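# Need a 3D model of the following:
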Amino acid sequence: MNIEIRKATEADIKDIKILLSFYYLETEKVEKTLPEFIVAVLDNKIVGCACLDIEEVVELRSIAVHPGLRNKGIGSRLVDAIASRAAELSESVYLRTTSPGFFEKKGFQRLPDEEKKVIWNECMQCDKFDICRQTLMKRDKILMIK
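The predicted model follows:
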């Protein structure tokens, strides 16, 4: 399988939003954060995406792989590419995920849920914090460099 990982372009916005919607991920910020999106391309089709949000903290987010192509290494390649970019910007990269096992294999470590409130204002103000299923994880720069 010949997967190309590249920076996203405006022409990719629709496909990125479709991928994100498969997993009920936020699509409203795609245009704003487009310069930090990367995509995985197979046979000239967008089959995966990921974004490095560099607002409050450096955060890996919006990771999605087409459901029919999961478990083929595409997500892993996207995470590796984003981690390289994150290493240029910060000592650590954070993420919130419902798939912590995958990210542990990529060198991320689980953090206590309460730290979400310290790192993100939106978590502090969220009325669903007590039932949130997202695990907070962090990967340090030393692990991001290949």
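# Please make it C-alpha for all contacts and neighbour counts, starting now.
Fine.
# give the contact list for Val79.
Residues near Val79 by Cα atoms under 8 Å, 6 or more residues apart in numbering: 50, 106.
# Dihedrals phi and psi, it?
phi -60, psi -40 (degrees, to the nearest 10).
# Residues touching the helix or strand hosting Leu95, excluding its own?
Following DSSP states H and E, one finds Leu95 within strand 92-97. Strand 92-97 is touched from outside by 57-61, 83, 86, 133-141, with contacts defined as Cα under 8 Å, 6+ apart.
# CA atoms only: put stretch 94-103 into PDB for me.
Extracted C-alpha coordinates of stretch 94-103, given in PDB (Å, rounded to 0.1, in the frame of the first residue of the first chain):
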ATOM      1  CA  TYR A  94      -0.700  16.500  24.400                       C
ATOM      2  CA  LEU A  95      -3.800  14.800  23.200                       C
ATOM      3  CA  ARG A  96      -7.200  13.700  24.400                       C
ATOM      4  CA  THR A  97      -8.400  10.400  23.000                       C
ATOM      5  CA  THR A  98     -10.800   7.500  23.400                       C
ATOM      6  CA  SER A  99      -8.100   5.200  22.100                       C
ATOM      7  CA  PRO A 100      -5.300   5.400  24.700                       C
ATOM      8  CA  GLY A 101      -3.900   1.900  23.800                       C
ATOM      9  CA  PHE A 102      -3.000   3.000  20.300                       C
ATOM     10  CA  PHE A 103      -1.200   6.100  21.600                       C
END
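# how far is it from where the chain is centred?
Stretch 94-103 has its C-alpha centroid displaced from the chain centroid by 9 Å (Cα atoms, centre = their mean, to the nearest Å).
# what's the weakest-modelled helix or strand in the protein?
Within the chain, no helix or strand scores below helix 141-144, which has a mean of 60 by mean pLDDT, DSSP states H and E.
# mean confidence for the strand holding Leu95?
For strand 92-97, mean pLDDT is 85.
# Find out how far that strand is from the centre of the chain, if you would.
Centre-to-centre, strand 92-97 and its host chain are 8 Å apart (Cα atoms, centre = their mean).
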